[in-house]
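**Q** sequence and predicted structure below; questions after.
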Amino acid sequence: MENLLELLKTRRTYRRFEQRPVERCILEEILEAARLSSSAANRQPLSYVVIQGRDEVERIFPHTRWAGALPPQKGQPKEGEHPVLFIAVVENTDINPDCDTDAGLAIGNMTLAAWNHGVGSCIIGACDRARISELLGLTESQKLHTLVAFGYPSVKSKVVPLEKGEDFKYYLDDSGDYVVPKRKTEDVVTYYSQGQ
Ligand SMILES: Cc1cc2nc3c(=O)[nH]c(=O)nc-3n(C[C@H](O)[C@H](O)[C@H](O)COP(=O)(O)O)c2cc1C
């Protein structure tokens, strides 16, 4: 359990990457983690498109937005820092048109499986879905839910406690590493009791 919590603590969002590929066996583990995720009524409406190789990744990259909380020159990965892999999470609407929770669980599994091998990730909700769907050749019943970017991080990221009234936005420290304030347990958890 301690190891799992350590993994959860350090599995942060990474937005700058080394330019070396994610090994095939790790990619397969990431995809297996997605395949094994829970699914409402076990309908399994999700499928995955793997985008790897410099040319393929670079075709998708311009249609992604990074680090909305930071000015672009700080948050946007520069040339030589781009991810080396994207996995597109696709909802097959003819199986289940409402599978947001399924997607979240699959994404959580994938990012953890990757980080277990030191591969960092960034969930990309802010992207041009229409353009990317076109590039990937998705059909009418295939809806792009999210892209997940992967690669070996070239920066660090750490969680710090978020004090009441403080800004929740993540920021960069003097070394250019990410700092991510998280609300404290006592600020987000209450215990229900009958007397309430
Ligand atoms: C649904 C969702 C969508 C996200 N979309 C983006 C995105 O488009 N671009 C980006 O740089 N980060 C994106 N992120 C990453 C969040 O900014 C990040 O999770 C948050 O700052 C907290 O950092 P942490 O993941 O290290 O806890 C997204 C995260 C989630 C859960």
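**A** Received it, and whenever you're ready, just let me know what you need. Residues are numbered from 1 along each chain as shown.
**Q** in the chain, which residue is closest to the centre?
**A** Centrality entry for the chain: nearest residue to the mean C-alpha point is residue 123, 2.5 Å, by Cα atoms, centre = their mean.
**Q** that residue bridge partners, please.
**A** Counting by DSSP bridges, residue 123 is bridged to residue 148.
**Q** and residue 89, by the same measure?
**A** residue 48, residue 146.
**Q** was I right about it contacting residue 106?
**A** Yes - counting by Cβ atoms under 8 Å, a contact exists between residue 89 and residue 106, whose distance comes to 6.3 Å. No exception for glycine: its C-beta is placed from N, CA and C like everyone else's.
**Q** neighbour count winner among these two?
**A** Neighbour totals were compared for residue 89 and residue 106, and residue 106 leads with 27 against 23 (other Cβ atoms under 10 Å).
**Q** pLDDT value on the more buried one, please?
**A** For residue 106, the pLDDT comes out at 98.
**Q** distance of it relative to the ligand?
**A** 12 Å (Cβ to the nearest ligand atom, to the nearest Å).
**Q** now do the contacts for that residue.
**A** 34, 37, 46, 89 (Cβ atoms under 8 Å, 6 or more residues apart in numbering).
**Q** residues contacting the first one?
**A** What it means is residue 34. 46, 48, 87, 89, 106, 107, 109, 110.
**Q** thinking again about what came up before, closest to residue 62 out of the contacts of residue 106?
**A** residue 89 (19.6 Å; Cβ to Cβ).
**Q** as JSON lines, the contacts of residue 106 with pLDDT would be great.
**A** Output for the contacts of residue 106, formatted as JSON lines (pLDDT from 0 to 100):
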{"residue": "34", "pLDDT": "98"}
{"residue": "37", "pLDDT": "98"}
{"residue": "46", "pLDDT": "98"}
{"residue": "89", "pLDDT": "98"}
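**Q** biggest separation within those residues, which pair?
**A** Top of the distance list for the contacts of residue 106 (Cβ to Cβ): 37 and 89, 10.6 Å.
**Q** which of the contacts of residue 34 fall in strands?
**A** Among the contacts of residue 34, DSSP state E puts 46, 48, 87, 89 in strands.
**Q** pretty sure the second one is touching residue 90, no?
**A** Translated: residue 48. Yes - with contact defined as Cβ under 8 Å, residue 48 reaches residue 90; the gap is 6.8 Å.
**Q** so for the two, which residue has more residues nearby?
**A** Taking other Cβ under 10 Å, residue 48 and residue 90 do not tie; residue 90 has more neighbours (22 against 15).
**Q** quickly list the domain ranges of the protein.
**A** The chain breaks down by automatic domain parsing into domains covering 2-155, 156-196.
**Q** now the first one: how far from the chain's centre is it?
**A** This means domain 2-155. 5 Å (Cα atoms, centre = their mean, to the nearest Å).
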